[in-house]
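Student: Pasting a predicted model and its sequence here:
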Amino acid sequence: MKNKIFFLILLIVATVASVFFILPSSTGEEVSEIIPVKIPNLFLNEFLPWRLGLDLVGGTALVYDIDLTDVPREKVESVTNGLRDVIERRVDLYGVAEPRVRIITQGERKQLLVELAGINDIGAAAQEIGETPFLNFGENCVITEDTMTCDPTGLSGKHIERASVATDQLGIIMPVVSLNFNDEGSRLFEEITARNVGKQVAIFLDGVPISAPVVQEKIIGGNAQISGEGITLESAHELVERLNAGALAAPIRLVSQRAVNATAAVDSLYRILLAGAISILLVIIFIIAVYKKNGIIAGISLLLYVIFSLAIFKLIPGFTLSLSGITGFILSIGAALDANILIFERTKEESRQGARGLAAMESGFKFAWSSIRDSNISTILTALVLFYFTTGFVQGFALTLLVGILINLAMTYIVTRNLLKIFSGKATK
């Protein structure tokens with residue numbers, strides 16, 4: 001008896017905590033715009049805010065081709081990952097909230113998919129990210145009128161790990177630009193500064209000089225600073241943005257762009273939530289009408305499944321809920337209900353053969369579990385294939401379906417089974 005009470009208390013606490021966790025906060029989240037009741041901001045619902053896809057909140061999606069012609073095969077993965085990190089940093093510089101940057105593989109072809117939620121101006125988004133900026137360093141510079149020509153050094157943006165604004169304490173605080181090079185860049189930079197002490201080393205972005213500091217001494221260790229009286233805090237930030245924007249290991253080219261209207265997206269989200277709520281309510285009414293007391297337990301289990309699933313989705317690092325993801329989740333709800341129906345129908349068969357109450361339920365669950373397990377495993381395998389061998393919307397569908405099925409198996413074995421044990425009454429022979 002104590003175990004049953006403890007289980008019910010634990011289940012209630014977990015359910016209440018999950019409900020508050022999955023509720024959107026009343027500020028800053030698009031979901032709250034379509035819920036008529038003002039939701040208070042609590043620790044649980046402000047922790048890990050929902051990340052919604054472009055098809056639910058609106059925004060811009062840009063697809064870039066990556067030119068890997070000059071990249072050795074063994075470095076393709078590291079180069080593409082580096083590109084993704086650079087693009088994420090570049091978008092962050094402009095304050096775009098939670099950009100989603102992914103690598104898409106099309107045979108030997110690599111692409112970058114950049115999703116910018118809340119940015120509906122495609123031109124502005126493309127400008128923020130840039131086309132194909134290329135950063136390089138030059139020496140032996142000659143200035144003629146308004147042009148500067150330099151000899152190439154072999155040092156380029158791919159050798160820069162990070163550029164940032166720092167301060168130099170010399171009586172007063174002076175803004176400086178800090179540069180960090182990788183191992184190969186450190187070696188090249190040391191050689192360049194050694195032969196150019198007292199001379200200019202220019203930095204070019206897409207062939208345009210953005211800075212031409214004078215080398216004061218040979219620099220070793222891969223850490224350098226650009227300073228001087230002409231550098232203000234504003235110009236330092238601008239230079240850092242340009243340096244980080246040009247730190248590309250391979251050129252990229254915009255090949256596709258798509259915009260989703262924010263109003264239409266929120267309207268779609270409202271319709272999806274409304275349709276989902278009505279569907280779940282109708283299913284619960286139907287199953288209660290058919291299975292009576294067991295139907296009530298199935299309805300409770302279904303609601304708990306929805307709540308716990310949404311909470312786990314929200315906990316997955318980097319998870320973004322999209323329209324295709326919701327489709328996969330709805331499909332998993334159907335699988336969750338199928339499991340209950342299999343158990344109830346098998347329990348009916350056991351009752352016809354003379355078993356009663358808890359004994360009928362235990363036998364029904366035992367014989368139905370193998371069918372539930374095997375059917376769900378086949379769905380899990382399908383979801384894994386879709387997730388690892390597809391991209392984009394299909395991958396989002398596969399992920400929510402996979403997680404939903406795994407949660408369904410756990411819910412059926414732990415929650416539904418124990419609820420049936422508690423409310424099935426004593427076994428009779």
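Tutor: That came through fine. Numbering: from 1, shown residues only.
Student: all contacts plus neighbour counts: C-alpha atoms, from now on.
Tutor: Will do.
Student: So which residues make contact with stretch 65-72?
Tutor: Contacting residues not belonging to stretch 65-72 are listed as 76, 79-80, 109-112, 250-255 [C-alpha atoms under 8 Å, 6 or more residues apart in numbering].
Student: These in helices, which ones?
Tutor: In this view, those that belong to helices under DSSP state H are 76, 79-80.
Student: who wins for neighbours among the residues you listed?
Tutor: residue 80 (23 neighbours; other C-alpha atoms under 10 Å).
Student: Now that residue: closest residue in space, sequence neighbours ignored.
Tutor: Once flanking residues are discounted, residue 80 sits nearest to residue 103: 7.3 Å by C-alpha to C-alpha, 6 or more residues apart in numbering.
Student: does the one you found have beta-bridge partners, and which?
Tutor: Beta-bridge partners for residue 103, by DSSP bridges, are residue 112.
Student: ok, back up a step: which member of the ones in helices among the contacts of stretch 65-72 is positioned nearest residue 152?
Tutor: Closest approach between the ones in helices among the contacts of stretch 65-72 and residue 152, by C-alpha to C-alpha: residue 79, at 22.1 Å.
Student: Wait, the closest one touches residue 252, no?
Tutor: No - if you go by C-alpha atoms under 8 Å, residue 79 and residue 252 don't touch, sitting 11.8 Å apart.
Student: Residue 347 reaches residue 363, doesn't it?
Tutor: Yes - using C-alpha under 8 Å, residue 347 is in contact with residue 363, at 6.9 Å.
Student: So for those two, which sits in the more crowded spot?
Tutor: Each of residue 347 and residue 363 has its neighbours counted (other C-alpha under 10 Å); residue 347 has more, 26 against 19.
Student: Which neighbouring elements make contact with the helix or strand hosting the more buried one?
Tutor: Applying DSSP states H and E as the criterion places residue 347 in helix 323-352. Other helices and strands packing on helix 323-352, by 3 or more C-alpha pairs under 8 Å, 6 or more residues apart in numbering; DSSP states H and E, are helix 262-315, helix 357-389, helix 392-410.
Student: Just give the number of residues close to residue 268.
Tutor: Neighbour tally, residue 268, other C-alpha under 10 Å: 16.
Student: Not counting its neighbours along the chain, what's nearest it?
Tutor: residue 56 (6.7 Å).
Student: In this structure that neighbour contacts residue 272, no?
Tutor: No - taking contacts as C-alpha under 8 Å, residue 56 lies outside contact range of residue 272: 9.6 Å.
Student: Compare the two (neighbour count), which wins?
Tutor: Using other C-alpha under 10 Å as the criterion, residue 56 and residue 272 rank with residue 56 on top: 26 against 16.
Student: Quick one, grab the pLDDT at that one.
Tutor: What the model reports for residue 56 is a pLDDT of 74.
Student: What spatial separation is found between it and residue 422?
Tutor: Look at residue 56 and residue 422: by C-alpha to C-alpha, to the nearest Å, they are 41 Å apart.
Student: quick revisit: ok, the ones in helices among the contacts of stretch 65-72 vs residue 215, which is closest?
Tutor: Nearest member of those to residue 215, counting by C-alpha to C-alpha, is residue 79, at 29.8 Å.
Student: other SSEs contacting the helix or strand harbouring residue 115?
Tutor: Using DSSP H and E, the element containing residue 115 is strand 109-117. Counting contacts by 3+ C-alpha pairs under 8 Å, 6+ apart, strand 109-117 is packed against helix 54-57, strand 59-66, strand 100-106.
Student: For the second one, which strands pair with it and how are they oriented?
Tutor: Each strand pairing with strand 59-66, determined using DSSP bridges, is listed with its direction: strand 109-117 (antiparallel), strand 252-260 (antiparallel).
Student: just the angle between the first one and helix 262-315, please?
Tutor: Direction vectors for strand 109-117 and helix 262-315, defined by axes from the mean of the first three to the mean of the last three C-alpha atoms, to 10 degrees, enclose an angle of 110 degrees.
Student: in strand 109-117, what counts as buried?
Tutor: Going by neighbour count (16 or more other C-alpha atoms under 10 Å), the buried part of strand 109-117 is 110-117.
Student: May I have the beta-bridge partners of the residue nearest to residue 259 when sequence neighbours are not counted?
Tutor: Leaving aside its chain neighbours, residue 259 sits nearest to residue 60 (4.4 Å; criterion: C-alpha to C-alpha, 6+ apart). Per DSSP bridges, the residues bridged to residue 60 are residue 116, residue 259.
Student: Count residues in the vicinity of residue 60, would you?
Tutor: 24.
Student: so it touches residue 256, yeah?
Tutor: No - contact criterion C-alpha under 8 Å: residue 60 and residue 256 do not qualify, at 10.7 Å.
Student: Am I right that residue 143 is in contact with residue 149?
Tutor: Yes - at 6.5 Å, residue 143 counts as touching residue 149 under the criterion of C-alpha under 8 Å.
Student: Okay, now stretch 141-154: how far is its last residue from its first?
Tutor: Termini of stretch 141-154 sit 15 Å apart (C-alpha to C-alpha).
Student: Identify the residues contacting it?
Tutor: 136-140, 188, 192, 200-202, 209.
Student: Narrow those residues to those in strands?
Tutor: Among those, the members found in strands (DSSP state E) are 136-140, 202, 209.
Student: Can you select the buried ones from those residues in ChimeraX?
Tutor: ChimeraX command restricting these to the buried ones, with burial defined by 16+ other C-alpha under 10 Å:
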select :136,137,138,139,202,209
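Student: Which one of the ones in strands among the contacts of stretch 141-154 is nearest to residue 337?
Tutor: Closest to residue 337, out of all of those and judged by C-alpha to C-alpha, is residue 136, at 60.2 Å.
Student: Next one: the residue nearest to residue 269 when sequence neighbours are not counted relative to residue 270, how far apart?
Tutor: Distances taken as C-alpha to C-alpha, 6+ apart place residue 56 nearest to residue 269, at 5.6 Å, with adjacent residues excluded. For residue 56, the distance to residue 270 (C-alpha to C-alpha) stands at 9 Å.
Student: again with residue 188
Tutor: 56 Å.
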